[in-house]
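Trainee: My questions concern the predicted model and sequence given below.
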Amino acid sequence: MTEQIDASEYISLFEAYKEQLESLEKQAAYVQAIIEDYTKAKVTMEKLSKTKKDSDVLVPIGGGVFLYAKYDSNAKVLLSEGADVVIERDIDYAIDALQKRIDDLNNGLTKLNEMAIQLQQKMQDISLTIQQLFSKKEK
């Protein structure tokens, strides 16, 4: 009877870890999507900063849609500072700000991945324990 209770507790714990792991994987995918979005914006601004004044450019606005525009070398960008606050900044500042955000997100992604690895290890340990409990029961 005790082994049955232990097994059901381990199975419940395994399921809880599985749900946590799925949640971490979703969070990691979301963070990765944000990193890709910031990286695209950064690359676009880097290319713009090397463009000659009054050059014709195509500006990506998302969804595979582009705008025709003339580039002004003194152009400013509107950079979101959070909480619905947008501030006009020069391109170099915006590039640096996005790189800092990308770095911060990559650090967070690394931590999420480390947590996922720890959960996977715990799940493997629990799985082994459950197998041992059932093999004892069969003997």
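Mentor: Cool, the structure landed. As the structure is a prediction and not an experimental result, all values here were calculated from the model.

Trainee: residue boundaries of the strands in this protein?
Mentor: Under the criterion DSSP state E, the chain carries strands at the ranges 56-62, 65-70, 76-82, 85-90.

Trainee: Looking at those strands, which is nearest to Q99?
Mentor: Distances from Q99 to each of the strands of the chain were compared by CB to CB, and the smallest falls on strand 76-82, at 12.4 Å. In short, each C-beta sits where N, CA and C put it, glycine included.

Trainee: OK, contacts around the residue nearest to A75 when sequence neighbours are not counted?
Mentor: For A75, the nearest residue in space outside its immediate sequence neighbours is I91; the separation is 6.7 Å by CB to CB, 6 or more residues apart in numbering. With contacts taken as CB atoms under 8 Å, 6 or more residues apart in numbering, I91 has the following neighbours: 45, 48-49, 75-77.

Trainee: hmm, try it at 10 Å
Mentor: Under the criterion of CB atoms under 10 Å, 6 or more residues apart in numbering, the contact partners of I91 comprise 44-46, 48-49, 73-77, 79.

Trainee: R101 too?
Mentor: For R101, the contacting residues are 34-35, 38, 41-42, 80, taking CB under 10 Å, 6+ apart as the criterion.

Trainee: farthest-separated two in the residues you listed?
Mentor: Using CB to CB, the contacts of R101 reach their maximum pairwise distance at I35 and S80, which is 15.6 Å.

Trainee: No further questions, thank you.
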